[in-house]
Structures are given as C-alpha cells and as structure tokens.
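Asker: Dropping a prediction and its sequence here:
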Amino acid sequence: MLRTNGFQCAPRRRTWRALVPVFETYAQARGYLAMRRQISVEVGSLRLSALAAGSPDRPAIVLLHGWPLCSAVWSPVMEPLSREHFVLAFDLPGTGKSAGETIPTLKTEIAKSIIAGAEAAGAQNMIVAGVDVGGMIAFAAARDFGDRLAGAVIMNTVLPGLDPWEELLANPRIWHFAFHQIPGLPETLVSGRERPYFDFFLDALAGDKAKIGEAFRQACVEQYSSLAALRTGFDWYRAMPQDAEHNAVPKAIDTPILYLRGDADQRSIEPYLEGLRRAGAAEVLGKTIARSGELLSIEAPEPLAAAVLEFARDVSCQQV
C-alpha cells in the first residue's frame, strides 16, 4: 500500500479468511440480505433509504454507489464489514427508494444530505466510501465536511477539477461524460432502453463481465426505472462542471483518504493520488486491487473488504 504522511500505528498481525463468497448474481446476494434491515431517514424534504447491517454502537462505514449502479453493488462486502462496523449502503437521492421534492445533484450537496442521513440513522465516527459518482461524493464529504468524518474511501473514479480530470475528459473512451450533460437528449434516447444501455457500461467497467450477474444488472435498471430517477443520474453529470469549479479551489483537507483502483484498465494510480495531494489532502493512501475492474465489491470483494477494514483500523489507531 502506497502511503503519504501515513498513520503511525503499532504493527498488527493481518489475517484474512474467506469472509464472503464472490456473489455472481444479486439473487445469490439476497440469501443474506434478509439478515439485514432496510431503513429510511428524513433529511429536510428528502427521504433517504439504506440497507443497514451491524450495530450502531460501532464506528460506521457509509457506502455510496455510482452510475448506473445501485446499493446492491455493496452486497458482497456488507457482511464482512459489519463484523466490525455499522454499515449503511444508501440509495443516492432521487434513485431507488430515496426520494424527495428537491433532489441535490452537486456532489457537495449530496454529501451533506448523506452525512445528515447517516447521523440520523445513528452513525458515528463514520468513514464515507464510494465508487464512481459515489467516490466523487466521498471526496466532497472529506473536503467540505471533514469535521464530521473519520475518513473517506474513493474507488475507481476521476474527481471533477482534480488531476487527471482534464486528461480523462479528452479521452474519447470517456465520451459519455459529455453526452450525459446534454439537456434532455440522454433521457429521450435511453428511456425504455435502459437495460442494453446500462449493460454496455457494466461490461465496459468490469474486468470480467461474467461476474456481473443477471439479477444485479436488472436491479440497476430498476434503480432508475422512473423518468425522474433516470434524469437524476444524468443530472449528476450535468453538475460536474460546477463540481470541478468547486473542487479546483485548493483547500486544506485533514480527513484521511484511501484511494482504490482495480487494475483491469492498466491505468497508473499515481496521477490520482497526486491530484488529491495538490487539492490539499494531507493524508492520502493508495492501493491497486488485482484482477478487478471498477466494480471492486463484486469482482474482488475479499481484497476490497480487507483494504477498507485495514484503513478503518489505521484511522481508529490515529484517533487514540
């Protein structure tokens, strides 16, 4: 694990057993979803829904999905994480079971709502962790609300306004960032065709698309089944230019941050870590997880859970 201004903790013996099988479909994951609980909390005009596991007496880990994902992406890691933590996997506002009159799309505003929702659910000493757009929200939480967090985990995403943001936007393989920002057009073309459109991205994001099961794919479609939810997902992209302007202003970020990437795209992790440091992050850790694409929690659940738990233990040690 790469470390910058690393945490000073006594060496500990690391052991890891097979905590959770690799769930190839969401249907398999549902076998232990029944042992958890669905909760909802009110935050202003929003009702936020989340899967909860573990005791609220423990430090919290808040899990945030991205696009076109849903909270079921975290199913394979919730059980091992909940052995030491209170785990909350939220539906992002405006999608799935999270709804409201006014849906935030700027990442700092979503972060504010999610943190308030987690606190209302009893979360304390929380680490906010997210993938894709959820990672952008986790960064916003660390940057703008660090006094309410113990740490943040950012997975497989470029952060608006931070290097290598401009380089990635110029990459023709990232065409959808610009397409999704066009007012109205993505909804017109994708509505009623969500499954093939989402499948294209799930296959592209995965290191091994065979690990992305049928039921999980359908759960992602259901997450954005209403036109309002579909629009919310595209609005996350439409807000990114404002997110970039906001994030581009350097700010001291004291919240410990762990940045994770799968190795399937063969991109170096270092530019992402440097972008965080230049943005003002004082404590940045980085780790590349082997044999995985963007969907780390499905493709490599054991290494992902191990990395998050190690980070959480180091953060806890630092706080002592």
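Answerer: That came in fine, so what should we check first?
Asker: now the helices for this protein?
Answerer: Assigned by DSSP state H, the chain shows helices spanning 26-33, 75-82, 107-120, 133-144, 165-169, 176-179, 185-190, 194-205, 214-223, 227-238, 240-247, 270-278, 296-299, 301-319.
Asker: So which of these is nearest Leu88?
Answerer: Set against Leu88 and scored by Cβ to Cβ, the helices of the chain come closest in helix 107-120, at 5.6 Å. Where C-beta positions appear, they are placed from N, C-alpha and C, glycine not excepted.
Asker: close enough to count as contact, Cys220 and Leu69?
Answerer: Yes: using Cβ atoms under 8 Å, Cys220 is in contact with Leu69, at 5.9 Å.
Asker: quick revisit: out of the helices of the chain, which is the most enclosed?
Answerer: Highest mean neighbour count of the helices of the chain: helix 133-144, a mean of 28 (counted as mean count of other Cβ atoms under 10 Å).
Asker: can you give me the angle it makes with helix 227-238?
Answerer: For helix 133-144 against helix 227-238, the angle by axes from the mean of the first three to the mean of the last three Cα atoms, to 10 degrees is 60 degrees.
Asker: Now render the helices of the chain as CSV, adding distance to Ala152.
Answerer: Formatted as CSV, these follow (distance: least, Cβ to Cβ, whole Å):
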stretch, distance to Ala152
helix 26-33, 25
helix 75-82, 15
helix 107-120, 10
helix 133-144, 4
helix 165-169, 18
helix 176-179, 22
helix 185-190, 29
helix 194-205, 21
helix 214-223, 23
helix 227-238, 18
helix 240-247, 14
helix 270-278, 10
helix 296-299, 16
helix 301-319, 10
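Asker: right, so of those, which gets closest to Leu258?
Answerer: Ranking those by proximity to Leu258 (Cβ to Cβ) places helix 301-319 first, at 4.5 Å.
Asker: angle of that closest one against helix 75-82?
Answerer: 30 degrees.
Asker: could you give the mean pLDDT of helix 301-319?
Answerer: Averaged across helix 301-319, the pLDDT comes to 95.
Asker: and what of stretch 256-274?
Answerer: pLDDT averaged over stretch 256-274 gives 96.
Asker: From the chain's centroid, how far away is it?
Answerer: How far stretch 256-274 lies from its chain's middle: 14 Å, per Cα atoms, centre = their mean, to the nearest Å.
Asker: And for stretch 104-124?
Answerer: Its chain's C-alpha centre and that of stretch 104-124 lie 13 Å apart, by Cα atoms, centre = their mean.
Asker: With only the CA atoms kept, save it in PDB.
Answerer: Below are the C-alpha coordinates for stretch 104-124, written out as PDB (Å, rounded to 0.1, in the frame of the first residue of the first chain):
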ATOM      1  CA  PRO A 104     -29.400  17.600  -4.900                       C
ATOM      2  CA  THR A 105     -27.000  16.900  -7.800                       C
ATOM      3  CA  LEU A 106     -23.900  18.900  -6.800                       C
ATOM      4  CA  LYS A 107     -21.600  16.400  -5.100                       C
ATOM      5  CA  THR A 108     -21.100  18.600  -2.000                       C
ATOM      6  CA  GLU A 109     -24.800  19.000  -1.500                       C
ATOM      7  CA  ILE A 110     -25.400  15.200  -1.900                       C
ATOM      8  CA  ALA A 111     -22.600  14.600   0.600                       C
ATOM      9  CA  LYS A 112     -24.200  17.000   3.100                       C
ATOM     10  CA  SER A 113     -27.500  15.100   2.800                       C
ATOM     11  CA  ILE A 114     -25.900  11.700   3.100                       C
ATOM     12  CA  ILE A 115     -23.900  12.600   6.100                       C
ATOM     13  CA  ALA A 116     -27.000  14.100   7.800                       C
ATOM     14  CA  GLY A 117     -28.900  10.900   6.900                       C
ATOM     15  CA  ALA A 118     -26.200   8.600   8.300                       C
ATOM     16  CA  GLU A 119     -26.100  10.600  11.500                       C
ATOM     17  CA  ALA A 120     -29.900  10.400  11.800                       C
ATOM     18  CA  ALA A 121     -29.500   6.600  11.500                       C
ATOM     19  CA  GLY A 122     -27.100   6.600  14.400                       C
ATOM     20  CA  ALA A 123     -23.800   6.600  12.500                       C
ATOM     21  CA  GLN A 124     -20.700   7.800  14.400                       C
END
